[in-house]
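[1] Got a predicted model here, sequence first, then my questions.
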Amino acid sequence: RKENVDESVVLNGWVHSRRDHGGIIFIDLRDRYGLTQVVFDPNFNNEFMSQAESLRREFCIEVKGVVKARREGMNNPNLPTGDVEVFVSELKIINKSDIPPIEVDDRKEASEEVRLKYRFLDLRRPTMQNKLLFRHNVAKAAREFFNKNDFMEIETPLLVKSTPEGARDYVVPSRVNPGLFYALPQSPQLYKQMLMISGCDRYYQLARCLRDEDLRSDRQPEHTQIDLEMSFVTADELRGFVEKLMAHIFKETLDVEIKVPFTRLTYKESMAKYGNDKPDLRYELELTDITNTAEKSDFSVFKEVVANGGIVKCVNPEKELGRKEIDKYIEFCQQQGAKGMAWVRVTETGLESSIAKFLSDEVQQEIIQKTGAKPGSVLMFIADTKKKTNFVLSRLRNKLADDLELYNKKDFEFCWIYDFPLFAWNEDDKRWEPEHHIFSMPKPEFVDDFEERPGDVLGDLWDLVLNGTEMSSGSIRVSDPQLQSRMLNFIGIAEEEAEEKFGFLLNAYKYGGPSHGGVGIGLDRLVAMMIQLTDIREVMAFPKNKNAECPMDESPNKVSDLQMKELHLQYDDVAKKNLEKKSEAPEEVVKEEE
């Protein structure tokens with residue numbers, strides 16, 4: 001900076017660019033903190049000029065020199081160091097670099113696969129450094145908040161017992177116990193509950209979670225969770241605590257004031273108003289159920305759907321739309337699985353469209369009244385099963401909001417969705433299974449007879465949603481061993497199997513387990529959303545690709561025959577075929593550029 005002029009300094013970093021002007025060599029030296037221009041001038045020091053001429057992109061060097069103010073008119077306002085330059089008196093080449101296969105420059109981005117293969121170079125880019133720094137600051141803010149509120153940071157095991165948690169486990173064979181396996185934890189769920197039984201009444205951890213599931217932009221085989229559990233706490237107290245945590249993180253990292261308390265919606269309300277349990281509340285655009293009105297119409301599509309137990313709902317974007325735009329939304333709804341999309345335009349006297357003639361004046365006025373539509377608005381209808389109607393309209397709602405720019409993309413709107421059904425019917429297996437996980441408490445009014453009316457049972461569990469994306473799930477846990485056994489038995493885990501899989505937890509509850517509850521917040525997803533990103537790989541140092549592979553270290557990889565023998569493992573035909581296929585695959589050639 002200007003205040004450092006005439007000071008002697010030592011700088012370490014990478015050669016970002018090199019320019020030679022009339023025998024004077026200018027280097028942009030890059031480190032995590034930015035760029036600094038260093039100057040090799042033979043009139044200042046001629047000793048290192050030959051070395052300076054050999055410098056190329058990504059050479060790692062150390063320079064000693066004197067800070068000088070740049071000549072008038074030569075300043076660079078785009079750099080914090082743009083008013084000064086360092087005249088070099090000593091140069092040390094720490095390491096040379098081959099021609100880099102990707103540009104360490106935010107203005108040029110390579111393909112995703114190449115970026116992942118050379119991730120160590122990709123991470124040198126300022127934008128990636130900033131993402132990692134922001135992630136660090138979010139984690140730091142979370143830790144600060146927990147530490148101020150008497151929480152203990154406790155690590156739970158990474159080699160654990162395999163228990164059913166929803167996704168597939170990653171399993172680890174035991175060498176010292178042939179034929180037996182550990183699992184890598186999908187979450188610290190059972191162990192944080194054990195900590196509550198152990199008297200550690202306020203626990204947190206930035207926990208590594210590993211799940212063998214299909215990948216997408218917001219999922220990875222391994223992710224990090226801001227995990228917390230509290231004893232002797234109610235659902236409202238726990239949710240209030242998480243609100244304060246989020247407010248602290250956003251204030252410390254973005255200097256953004258988050259409105260608390262967050263909006264609270266029951267699952268039933270959310271499905272009715274928005275068609276899903278992850279509503280984006282940056283815009284209103286509520287759905288309207290007109291099933292009872294549609295039943296009175298002469299429109300055969302509506303009448304047939306209602307007669308078969310379906311529903312009719314509509315959305316009103318409160319915007320004037322042309323026929324081409326409407327046709328675009330009809331096509332979109334069909335892409336989401338709808339048979340079609342009916343629509344009407346609101347006029348001063350009623351409704352107009354090809355279906356208006358099937359709607360009596362009474363029905364038309366009832367629709368206008370229920371939707372609150374103004375003249376010029378277009379109402380869009382989906383008539384189908386309840387599940388399909390809600391799904392399609394929730395997608396249409398989001399698309400309309402994007403297309404019509406109904407919200408500020410930089411806003412943050414949290415909400416809680418609570419009173420979820422505790423059980424869901426699995427049509428394939430013809431049995432009830434937990435909607436979230438089996439350790440969540442039923443609401444008090446369902447405890448005595450949940451087996452008799454499983455479809456009605458609500459759980460004391462909730463999701464935290466930010467801008468239409470689920471950020472966390474939480475619940476009050478079952479702490480009564482008899483109730484836990486009943487619930488396990490109800491979903492088909494008999495006493496003997498329950499003892500085998502969860503015996504350590506059920507046994508611990510016999511020794512005075514406290515009431516408790518907790519939440520797990522996806523750190524990767526939270527960080528990505530805070531900086532307006534949709535792909536969590538952009539905020540992870542070393543993510544996997546869509547095939548759960550790491551192109552950089554080439555994992556997963558074949559292990560040695562000795563390791564296979566020690567673990568008493570052998571390849572079956574499917575594995576052998578896959579290994580042959582991998583060995584035959586040509587190695588990707590990355591074009592090098594000067």
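    Looks like it arrived, so ask away.

[2] Could you pull up the residues touching residue 561?
    The contact partners of residue 561, by CB atoms under 8 Å, 6 or more residues apart in numbering, come to none. Where you see a C-beta, it was placed from the backbone N, CA and C, and this is true even at glycine.

[3] Check the one 3 residues further on too.
    If a contact means CB under 8 Å, 6+ apart, then residue 564 has 570-571 as its contacts.

[4] Let me know the helix or strand that it is in.
    In this structure, residue 564 sits in helix 561-566 according to DSSP states H and E.

[5] Restricting to C-alpha, output that helix in CSV.
    Extracted in CSV, the C-alpha atoms of helix 561-566 (Å, rounded to 0.1, in the frame of the first residue of the first chain):
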residue,chain,number,x,y,z
ASP,A,561,-3.8,-58.2,-3.9
LEU,A,562,-2.2,-58.3,-0.4
GLN,A,563,-4.8,-55.9,1.0
MET,A,564,-7.6,-58.0,-0.6
LYS,A,565,-6.1,-61.1,0.9
GLU,A,566,-5.7,-59.5,4.4
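
[6] and after it, which helix or strand comes next?
    Under the assignment DSSP H and E, the closest C-terminal helix or strand after helix 561-566 is helix 573-584.

[7] which residues make contact with that following helix from outside it?
    With contacts defined as CB under 8 Å, 6+ apart, helix 573-584 is touched by 558, 571.

[8] In it, which residues are buried?
    Under the neighbour-count criterion of 16 or more other CB atoms under 10 Å, helix 573-584 has nothing buried.

[9] Kindly report the same for stretch 202-221.
    The neighbour-count criterion (16+ other CB under 10 Å) identifies 202-205, 207-211, 218-221 as the buried residues of stretch 202-221.

[10] How far does that stretch sit from its chain's centre?
    Distance, stretch centre to chain centre, for stretch 202-221: 9 Å (CA atoms, centre = their mean, to the nearest Å).

[11] Can you get me the centre-to-centre distance for the lowest-mean-pLDDT helix or strand in the chain and its chain?
    With mean pLDDT, DSSP states H and E as the measure, the helix or strand of the chain carrying the lowest mean pLDDT is helix 573-584 (a mean of 85). Between the centre of helix 573-584 and the centre of its chain there are 33 Å (CA atoms, centre = their mean).

[12] returning to that earlier point: pLDDT and secondary structure for the buried residues of stretch 202-221 - can I get that in CSV?
    Listed next are these as CSV, based on pLDDT from 0 to 100; DSSP: H, G, I helix; E, B strand; the rest coil:
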residue, pLDDT, secondary structure
202, 97, strand
203, 98, strand
204, 98, strand
205, 98, strand
207, 97, strand
208, 96, strand
209, 95, strand
210, 95, strand
211, 92, coil
218, 70, coil
219, 81, strand
220, 90, coil
221, 92, coil
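
[13] Make TSV out of these and add distance to residue 236.
    Putting those into TSV (distance: CB to CB, whole Å) gives the following:
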residue	distance to residue 236
202	17
203	20
204	20
205	24
207	25
208	30
209	26
210	32
211	30
218	28
219	30
220	32
221	35
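
[14] Identify, from the residues you listed, the entry nearest to residue 369.
    Among these, residue 218 lies closest to residue 369 (CB to CB), at 39.9 Å.

[15] Now do the contacts for the closest residue in space to residue 274 that isn't next to it in sequence.
    For residue 274, ignoring the flanking residues on the chain, the nearest one in space by CB to CB, 6 or more residues apart in numbering is residue 394 at 6.0 Å. The contact partners of residue 394, by CB under 8 Å, 6+ apart, come to 274-276, 279, 287.

[16] What separation is there between residue 394 and residue 220?
    25 Å (CB to CB, to the nearest Å).

[17] Quick one: low-confidence residue ranges for the protein.
    When the per-residue scores of the chain are filtered using pLDDT under 70, the ranges that remain are 165-166, 217, 585-594.

[18] Which other helices and strands does the lengthiest helix in it contact?
    Scanning the chain for the longest helix, with DSSP state H as the assignment, gives helix 126-148. In terms of contacts (3 or more CB pairs under 8 Å, 6 or more residues apart in numbering; DSSP states H and E), helix 126-148 is packed against strand 152-153, strand 202-210, helix 235-254, helix 523-530.

[19] If we use 7 Å, what do you get?
    In this structure, helix 126-148 makes packing contacts with helix 235-254, helix 523-530, judged by 3 or more CB pairs under 7 Å, 6 or more residues apart in numbering; DSSP states H and E.

[20] burial of residue 435, as a residue count?
    17 (other CB atoms under 10 Å).

[21] Contact partners for it?
    Residues in contact with residue 435 (CB atoms under 7 Å, 6 or more residues apart in numbering) are 420-424, 459.
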